[in-house]
Each structure stands twice: as C-alpha cells, then as structure tokens.
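**Q** Take this sequence and fold it.
(chains A and B)
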Amino acid sequence: DAKTTQPPSMDCAEGRAANLPCNHSTISGNEYVYWYRQIHSQGPQYIIHGLKNNETNEMASLIITEDRKSSTLILPHATLRDTAVYYCIVYSQGETSGSRLTFGEGTQLTVNP
Amino acid sequence: SQTIHQWPATLVQPVGSPLSLECTVEGTSNPNLYWYRQAAGRGLQLLFYSVGIGQISSEVPQNLSASRPQDRQFILSSKKLLLSDSGFYLCAWSKAGAETQYFGPGTRLLVL
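**A** Numbers count the residues shown, from 1 in each chain, chains lettered A, B, ... in the order given. Reported below is the predicted structural model:
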C-alpha cells in the first residue's frame, strides 16, 4: 500500500474553509484516496473517497492532483464539531478481497471559535 | 440502514485473564468484517479481517484470535491478556467487493 504524509496538526477558524493536505507520491494506478476522521474516543467516520476526479458530498470536497501524488480535503464551512483527527488513506485490495485500510497518524484539526 | 454494534464499550482486565469482544452488524448480509486496534496517540492497525463465516485472515502475529460464528458476528478473543494488549479496539464492516469501511463505536480495553 502507498504511504501517505499529512501535517500533524492544523487550526481553522469556525465558519472558514479547512483545507487538509495529503501527499501520496507512491500511489499506484488502481489505488483510491480515502478520507476518514475520528473524533476523540469514537470510531472513525468515513468522509469521502476518489480515484482520479474531484469528488464532493454533503460533508466535504476532495481535490486530487492530476498526477495523483497529492490531494486536499476541503471542509467548506468548518464548525466546532469538525474538530477531529483526519486520516488520509490510500487503499488497496488484498488478495482475498479483504479491504486493507492502513491508517497513519493523521492530522489533528482544531476548529477555533 | 446498516448499523454496527460493539460491546462492551469499556473493559478493565487483569494480565493473564481471557478476553472476548463482540461485534455485530445489522441491515446487511455477507459483509466483510474487520478488527483494528489503536494504541494511545497512534494510528489504526488492522488485526483481522473476514470475508465470510469461518474465514479469518490475520494481519499481525499476536496473542489475539478472531472468529466469525455467524454471518454478521465477529468476535475478538484472547486466552491470556498482556499489558501490551491495552488499546482501543474497533470493528468495521464493508460490503463484499466494496472498499468503503464503516466503523463501530469501539471498545476501550485496559489491561492492568
């Protein structure tokens, strides 16, 4: 699985857009980029994923560079409840069809009032 | 809609005692199931995954084991707990053939 690099922490003002970067320079052609977040003491929550094209859902937008070596998760209007650790994951499927998500250290996003 | 349950939410066990954590999924059939562990301040580590009843794949050597006695039930066990087994244990599921995983609320285990 390709490894990802994220800044350990970021701050954002409430109501502003939060832009969380992720580098995945060794990503291969069939690997997806996934984003999850984990609020303290809870299980991770799926946010969004993409392969090549930019994606948007009710939670966030995902911008993937053309060479796919990096991506940015955008929370358009951050709220205090968005304070969490955000994980960028590059996904590959195991030989026996079992998904293997490898979580790194993530980025601690703190949204300030 | 699908839901995933884990229990207990919190557990304190002495070293050398047995362990049994349970995970169940509702609202879907034949899911892929996963056990992860998260040590304090660290990322998640995949421990086991299962693509069907009785089919278990282990990702790392350890004194833990997993079983899937029913389609939507996944159990994490140990015969003798070690101090290093302390952590936050998360169960997840995904649709067969799909990549997106959905996590349960987790069990926080403290081994003393």
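
**Q** From now on I want contacts and neighbour counts done on CA atoms only, so please keep to that.
**A** Will do.

**Q** And the lowest mean pLDDT element among the helices and strands of chain A?
**A** When the helices and strands of chain A are compared on mean pLDDT, DSSP states H and E, strand A:99-100 comes out lowest with a mean of 61.

**Q** CA atoms of stretch A:11-25 as CSV?
**A** In CSV, the C-alpha atoms belonging to stretch A:11-25 read as follows (Å, rounded to 0.1, in the frame of the first residue of the first chain):
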residue,chain,number,x,y,z
ASP,A,11,-6.0,25.1,13.1
CYS,A,12,-9.0,26.7,11.4
ALA,A,13,-11.4,29.4,12.4
GLU,A,14,-15.1,28.5,12.7
GLY,A,15,-17.0,29.2,9.6
ARG,A,16,-13.9,29.3,7.4
ALA,A,17,-12.9,26.6,5.0
ALA,A,18,-10.5,23.9,6.3
ASN,A,19,-8.1,22.6,3.7
LEU,A,20,-6.3,19.4,4.8
PRO,A,21,-3.4,18.3,2.5
CYS,A,22,-2.1,14.8,1.9
ASN,A,23,0.9,13.6,0.0
HIS,A,24,0.8,10.1,-1.6
SER,A,25,3.6,10.2,-4.1
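
**Q** average model confidence for it?
**A** Stretch A:11-25 carries an average pLDDT of 96.

**Q** got the buried residues for it?
**A** Neighbour-count burial for stretch A:11-25 flags A:12, A:14, A:18, A:19, A:20, A:21, A:22, A:23, A:24 (criterion: 16 or more other Cα atoms under 10 Å in any protein chain shown).

**Q** what's it in contact with?
**A** Stretch A:11-25 is touched from outside by A:2-7, A:10, A:68-80, A:88, A:90, A:107, A:109-113, with contacts defined as Cα atoms under 8 Å, 6 or more residues apart in numbering or on different chains.

**Q** One more: stretch B:64-81?
**A** Taking Cα under 8 Å, 6+ apart as the rule, stretch B:64-81 contacts B:13-26, B:29-31, B:33, B:35, B:48, B:50, B:52-56, B:63, B:111.

**Q** Show me how far stretch B:34-54 is from its chain's centre.
**A** 6 Å (Cα atoms, centre = their mean, to the nearest Å).

**Q** now the helices: where do they sit in chain A?
**A** In chain A, no segments count as helices under DSSP state H.
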